[in-house]
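Asks: Sequence isn't available, so here's the structure alone:
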DNA sequence: CGTCTATTTGAATGTACTCAAAAGCGGTGG
DNA sequence: CCACCGCTTTTGAGTACATTCAAATAGACG
């Protein structure tokens, strides 16, 4: 039960819950443990869950027809992850979601989420707010991708999310920022030489 | 009043409204007409409104420190537009939102939106759903930007949104897709020669 | 300690950019 | 209704930023 306290805290940043509501919410959740390199979501399968990261780190990525992979999201403690397109439309995924470290996740099932919103309309509000914030965040990332050089994007990300940079393999970071591993290596090398 | 029927229809794709709810909703709206090149949002000012486009076309863009502009969104009939980061956090904008043609817009004020959700909780649901869809859309765009060449992105956009491509100036389309006007010109030229 | 995975380095290459100038297009006024 | 002005698109040449491929090195895990 204690596993859920972090998530409860997270939810209560946006909406207030009574004890009963909290219990009902928790009754819909499930904790899973997965090991490094294990997949939560795979192409062709439908993403049934939205996952809240209790511990560990994950990434969602796409493999294009040339075989290159492109990271669309990272998630560490207190973040959510899934193939969002697959989850909200309940259609086959196009992404892989993989554990970068052994991880403990709280899963919220799609149907449970619908039930939750029907039974406790406040959760409509909760999901609205977190989605709005994610959207605003993604717009900023899109703008960064349109207007900044590779090096600038790296510097910005390093400043904002040092704890992610420190934890994830370099090639995943490069594929998130939109350039090759080799190029990130050169960027870092140039910095240390100064 | 008839001006609002398109928007009502839009809303009713996601939630059902009673006559009273509809009236209350409409009472919070305001129609404005703006001329080509006029701004709805400007940097430094707070985006007070979310705008639904009744007629005309708009774009939201960012001007970087080198003076280049980057289009983050277009909006034609039946789409919403604003500086979303500014709107949801009610903080100074970083974007320009401009009319590409004379346009008629329905404005929804930030405070009115909050009121609306308090008084008719169904609207929580409405904004949740449209934001989720926008987010899913933006993720796809981000992936396209990470994994496709300039030409591929153009071809894909042309297929999906021919009516936007046909209406907006080429330099705005290039700045949306993430390359220079000159390059888009070359892409198009190459196509017609085949 | 050995194997597998991740990072670094070098060299050649490519995709897309920049700058400048010309051409095309559209709206406005005489 | 035509001419002009401003804005947008096109074209050319030179260039930059970042990629690719291959090989070497370093690091992590059993």
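Replies: That came through fine. Source: prediction; values computed, not measured.

Asks: make it CA atoms for all contacts and neighbour counts henceforth
Replies: OK.

Asks: dump the residue contacts of the closest residue to chain B within chain A.
Replies: Closest approach of chain A to chain B (C-alpha to the nearest C-alpha) occurs at residue A:128, with a separation of 4.1 Å. Residues in contact with residue A:128 (C-alpha atoms under 8 Å, 6 or more residues apart in numbering or on different chains) are B:124-125, B:127-129, B:131-132.

Asks: Tell me the one of these nearest DNA strand D?
Replies: residue B:132 (29.4 Å; C-alpha to the nearest atom of the strand).

Asks: excluding its backbone neighbours, what's nearest the residue nearest the centre of chain A?
Replies: Per C-alpha atoms, centre = their mean, the C-alpha nearest to the average position across chain A is that of residue A:81, at 3.2 Å. Residue nearest to residue A:81 in three dimensions, not counting chain neighbours: residue A:51, with 5.2 Å by C-alpha to C-alpha, 6 or more residues apart in numbering or on different chains.

Asks: Isn't the one you found up against residue A:107?
Replies: Yes: the pair residue A:51 and residue A:107 qualifies as a contact (C-alpha atoms under 8 Å) at a distance of 4.6 Å.

Asks: returning to what we had before: would you reformat the contacts of residue A:128 as a markdown table and include pLDDT, secondary structure and distance to residue B:141?
Replies: As requested, the contacts of residue A:128 are arranged in a markdown table below (pLDDT from 0 to 100; DSSP: H, G, I helix; E, B strand; the rest coil; distance: C-alpha to C-alpha, whole Å):
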| residue | pLDDT | secondary structure | distance to residue B:141 |
| --- | --- | --- | --- |
| B:124 | 98 | helix | 26 |
| B:125 | 98 | helix | 24 |
| B:127 | 98 | helix | 21 |
| B:128 | 98 | helix | 20 |
| B:129 | 98 | helix | 19 |
| B:131 | 98 | helix | 15 |
| B:132 | 98 | helix | 14 |
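
Asks: returning to that earlier point: so for residue A:51 and residue A:107, which residue has more residues nearby?
Replies: Each of residue A:51 and residue A:107 has its neighbours counted (other C-alpha atoms under 10 Å in any protein chain shown); residue A:51 has more, 23 against 20.

Asks: Quick check on the more buried one: phi, psi?
Replies: Main-chain torsions, residue A:51, degrees, to the nearest 10: phi -120, psi 130.

Asks: Quick one: residues contacting it.
Replies: Contact analysis of residue A:51 by C-alpha under 8 Å, 6+ apart lists A:80-82, A:105-108.

Asks: per-residue pLDDT, the residue nearest to residue A:81?
Replies: On pLDDT, residue A:51 comes in at 98.

Asks: swap in residue A:192?
Replies: pLDDT, residue A:192: 74.

Asks: Assign it to helix, strand or coil.
Replies: helix (DSSP: H, G, I helix; E, B strand; the rest coil).

Asks: Quick one: neighbours of it, just the number.
Replies: 7.

Asks: Which stretches in chain A count as strands?
Replies: For chain A, applying DSSP state E gives strands covering A:29-34, A:39-41, A:49-55, A:58-63, A:69-75, A:80-81, A:96-99, A:103-109.

Asks: Let me have these in a markdown table, extended by distance to DNA strand C.
Replies: Shown next, in a markdown table, are the strands of chain A (distance: least, C-alpha to the nearest atom of the strand, whole Å):
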| stretch | distance to DNA strand C |
| --- | --- |
| strand A:29-34 | 17 |
| strand A:39-41 | 14 |
| strand A:49-55 | 20 |
| strand A:58-63 | 13 |
| strand A:69-75 | 12 |
| strand A:80-81 | 20 |
| strand A:96-99 | 11 |
| strand A:103-109 | 16 |
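
Asks: Ok, which of the ones you listed comes nearest residue A:171?
Replies: strand A:69-75 (9.5 Å; C-alpha to C-alpha).

Asks: Stretch A:162-172: end-to-end distance?
Replies: Taking C-alpha to C-alpha, to the nearest Å as the measure, stretch A:162-172 stretches 15 Å from start to finish.

Asks: mean confidence score for that stretch?
Replies: Rounded mean pLDDT across stretch A:162-172 is 96.

Asks: Low-confidence regions, chain A specifically.
Replies: Within chain A, the stretches with pLDDT under 70 are A:1-2, A:193-194.

Asks: Residues of it that sit close to chain B?
Replies: Proximity of chain A to chain B, by C-alpha under 8 Å from any C-alpha of the partner chain, involves residues A:62, A:64, A:68, A:70, A:72, A:84-85, A:88, A:121, A:124-125, A:127-129, A:131-132, A:134-136, A:138-139, A:142-143, A:146-147, A:175, A:178.

Asks: out of the residues you listed, which touch DNA strand D?
Replies: residue A:178 (C-alpha under 7 Å from any atom of the strand).

Asks: Among the residues of chain A next to chain B, name the buried ones.
Replies: Buried subset of the residues of chain A next to chain B (neighbour count, 16 or more other C-alpha atoms under 10 Å in any protein chain shown): A:62, A:70, A:72, A:84-85, A:88, A:124-125, A:127-129, A:131-132, A:135-136, A:138-139, A:142-143, A:146-147, A:175, A:178.

Asks: List the contacts of stretch A:84-92.
Replies: By C-alpha under 8 Å, 6+ apart, stretch A:84-92 touches A:43-50, A:93-94, A:110, B:132, B:136.

Asks: quick one: the residue nearest to the centre of chain A and residue A:61 touch, right?
Replies: No: contact criterion C-alpha under 8 Å: residue A:81 and residue A:61 do not qualify, at 11.2 Å.

Asks: Now do the shared contacts for those two.
Replies: Residues touching both residue A:81 and residue A:61 by C-alpha under 8 Å, 6+ apart: A:73, A:97.
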